[in-house]
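Participant: just coords:
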């Protein structure tokens with residue numbers, strides 16, 4: 001039996017969305033796709049990279065001490 005994975009990004013909450021389009025490097029897209037597959041395997045819910053990005057950015061900004069001081 002394998003040890004359960006613990007990803008920094010936990011299960012995704014349901015949120016209101018706004019569409020944003022941007023260009024990203026192919027290597028980053030491949031990494032995000034792999035992360036999405038691991039996330040789906042870990043939490044049992046299919047998710048794509050585009051769905052993960054806002055949650056990752058939110059987590060990043062919440063952990064940025066410099067940003068928190070200004071916020």
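Facilitator: Looks like it arrived, so ask away. The structure displayed is predicted, hence computed values, not measured ones. Numbering: from 1, shown residues only.
Participant: all contacts plus neighbour counts: C-alpha atoms, from now on.
Facilitator: Noted.
Participant: what's the helix or strand hosting residue 41 packed up against?
Facilitator: Under the criterion of DSSP states H and E, residue 41 resides in helix 26-43. Counting contacts by 3 or more Cα pairs under 8 Å, 6 or more residues apart in numbering; DSSP states H and E, helix 26-43 is packed against helix 49-62.
Participant: what sits up against the helix it packs on?
Facilitator: Outside helix 49-62, the residues that touch it by Cα atoms under 8 Å, 6 or more residues apart in numbering are 9, 12, 29, 32, 33, 35, 36, 67, 68.
Participant: which two in those are spaced the farthest apart?
Facilitator: Across the contacts of helix 49-62, the longest distance by Cα to Cα is 29.1 Å; it joins 33 and 68.
Participant: between these two, point out the one with more neighbours.
Facilitator: Between residue 33 and residue 68, residue 33 has the larger neighbour count (other Cα atoms under 10 Å), namely 17 against 10.
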